[in-house]
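Student: Quick check, what structure comes out for this input:
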Amino acid sequence: MIQDSTFNIHRIRFDENYHPSDRTRLTTNFANLARGESRQENLRNVLQMIDNRFNDLARWDNPKGDRYSIELEIVSVEMDLAFAGAHGNFPLIEILYTTIIDKKDNKRIEGLAGNSFSSYVRDYDFSVLLPQYNKDKSEFSVPDNYGNLHGNLFKSVMDSSTYKKNFRKLPIICLSVSTNRTYHRTENQHPVLGVEYQQREFSLTDQYFEKMGMKVRYFMPTNSVAPLAFYFFGDLLSDYSTMELISTISVMESFQKIYRPEIYNTNAAASDCFQPSLKYQDYSNTRIVYDREERTQLATSQGKYTEEHFIKPYHTVLELWSASYTA
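Tutor: Predicted structure coming up:
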């Protein structure tokens with residue numbers, strides 16, 4: 001069955017020379033940016049955006065705003081199919097790992113795993129299973145046990161010695177807030193994460209991450225225009241250092257400005273009562289080329305790939321394992 005030896009971790013540097021590997025999901029933000037005629041300019045510009053945002057938030061002892069830079073690694077977790085009596089590996093999840101470079105003191109500071117999150121099984125759940133389940137239905141709903149398999153696979157990775165040997169802390173995942181929910185500003189303010197927002201009902205994504213064992217809080221950092229959703233284990237405010245939190249914000253806010261400028265690169269900040277919308281017109285585009293339509297199409301094609309090469313062949317074994325799994 002699934003055990004520590006089932007999981008393998010691979011790392012690849014994300015810089016201006018990055019080319020997506022065969023192991024990389026093409027729907028990920030970083031893979032999308034690294035294709036086409038503008039690939040190197042795209043990569044150079046987004047890395048500069050990340051560094052600029054980090055220095056904007058780390059202002060102390062940083063008079064010129066250029067003390068720090070971020071190195072990024074793409075971390076791929078593969079699953080050895082030997083657990084099902086088969087040969088080969090299946091690409092399970094991808095996250096990013098940050099390292100902070102302090103150019104003044106000439107030292108490297110560990111950042112965080114997580115940040116972005118992508119998963120073939122998640123593509124299957126959202127882009128294949130849900131549309132099939134709701135076909136010809138008058139009201140949207142989700143199947144029984146929706147997200148259970150994915151959640152248990154993710155928790156088993158987090159609990160594995162493979163993960164613990166590579167990373168000293170559990171991840172923070174930082175995503176866009178939902179366009180189907182309304183967020184309300186609170187009086188709570190954190191020195192790095194900024195102003196906290198709350199909502200009355202979890203989105204489908206929030207519920208999906210809850211199956212992965214993660215809680216969520218929504219914060220709008222200083223000089224941001226919209227709150228971000230932070231998914232985490234433990235205590236978001238006390239388990240992570242200031243520099244770790246800044247590294248996550250600088251990376252993921254930069255990606256969101258490119259991917260969802262209607263929310264994260266607007267010309268006015270979120271109001272006290274905020275409903276995100278991709279139809280909002282008062283925003284600025286970055287100089288970075290991003291094919292959002294292609295990303296959506298690839299999510300469906302990769303979800304179908306997962307169905308054919310993972311879900312259907314190993315359905316019985318996976319379901320029996322998931323039903324008996326305890327974290």
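
Student: and Ser238, that's in a strand?
Tutor: No - assignment of Ser238 by DSSP: H, G, I helix; E, B strand; the rest coil gives coil, placing it outside any strand.

Student: List phi and psi for it.
Tutor: phi -120, psi -20 (degrees, to the nearest 10).

Student: Under the pLDDT cut-off, which ranges of the stretch 151-300 of the chain? List them.
Tutor: Applying pLDDT under 70 to the stretch 151-300 of the chain flags residues 289-296.

Student: Now with 80, please.
Tutor: Along the stretch 151-300 of the chain, the parts satisfying pLDDT under 80 run over 287-298.

Student: those helices in it, which residues are they?
Tutor: 161-166, 204-211, 242-259, 261-264, 292-306 (DSSP state H, counting those that start in this stretch).

Student: quick one: which of those is nearest Tyr314?
Tutor: When these are compared by Cβ to Cβ, helix 292-306 sits nearest Tyr314, at 10.9 Å. In this view, the C-beta of every residue, glycine as well, is placed from N, C-alpha and C.

Student: Quick one: mean pLDDT over the helix or strand just after the closest one.
Tutor: Going down the chain from helix 292-306, the next helix or strand is helix 315-324, by DSSP states H and E. Average pLDDT, helix 315-324: 93.

Student: Packing partners of helix 315-324?
Tutor: helix 148-158 (3 or more Cβ pairs under 8 Å, 6 or more residues apart in numbering; DSSP states H and E).

Student: Ok, which of the helices of the stretch 151-300 of the chain comes nearest Arg217?
Tutor: The nearest among the helices of the stretch 151-300 of the chain, by Cβ to Cβ, is helix 204-211 at 10.5 Å.

Student: from the middle of its chain, how far away would that closest one be?
Tutor: 13 Å (Cα atoms, centre = their mean, to the nearest Å).

Student: What residues sit buried inside that helix?
Tutor: Buried residues in helix 204-211, defined by neighbour count with 16 or more other Cβ atoms under 10 Å: 204-206, 208-209, 211.

Student: can you check stretch 175-190 too?
Tutor: Buried, per 16+ other Cβ under 10 Å, within stretch 175-190: 175-178, 181, 183, 185, 190.

Student: do stretch 253-273 as well
Tutor: Neighbour-count burial for stretch 253-273, with 16+ other Cβ under 10 Å as criterion, is recorded at 253-266, 270.

Student: Between the two ends of it, what distance do you get?
Tutor: End-to-end distance for stretch 253-273, by Cα to Cα, to the nearest Å: 20 Å.

Student: And for it, what's in contact with it?
Tutor: 29-30, 33, 46, 49-50, 53, 116, 174, 176-177, 179, 182-185, 197, 220-221, 224-228, 276-286, 288, 290, 292, 295 (Cβ atoms under 8 Å, 6 or more residues apart in numbering).

Student: between the buried residues of stretch 175-190, which is nearest Glu110?
Tutor: Out of the buried residues of stretch 175-190, the member with the shortest distance to Glu110 (by Cβ to Cβ) is His190, at 21.0 Å.

Student: Tyr218 is in contact with that closest one, correct?
Tutor: No - using Cβ atoms under 8 Å, His190 makes no contact with Tyr218, being 11.6 Å away.

Student: intersection of neighbour lists for the two?
Tutor: With contacts defined as Cβ under 8 Å, 6+ apart, the residues shared by His190 and Tyr218 are Glu196.

Student: Would you mind checking the average pLDDT for the helix or strand where Val46 lies?
Tutor: Using DSSP H and E, Val46 sits in helix 39-57. Helix 39-57 shows a mean pLDDT of 89.

Student: Quick one: name whatever helix or strand follows that helix.
Tutor: Going down the chain from helix 39-57, the next helix or strand is strand 68-80, by DSSP H and E.
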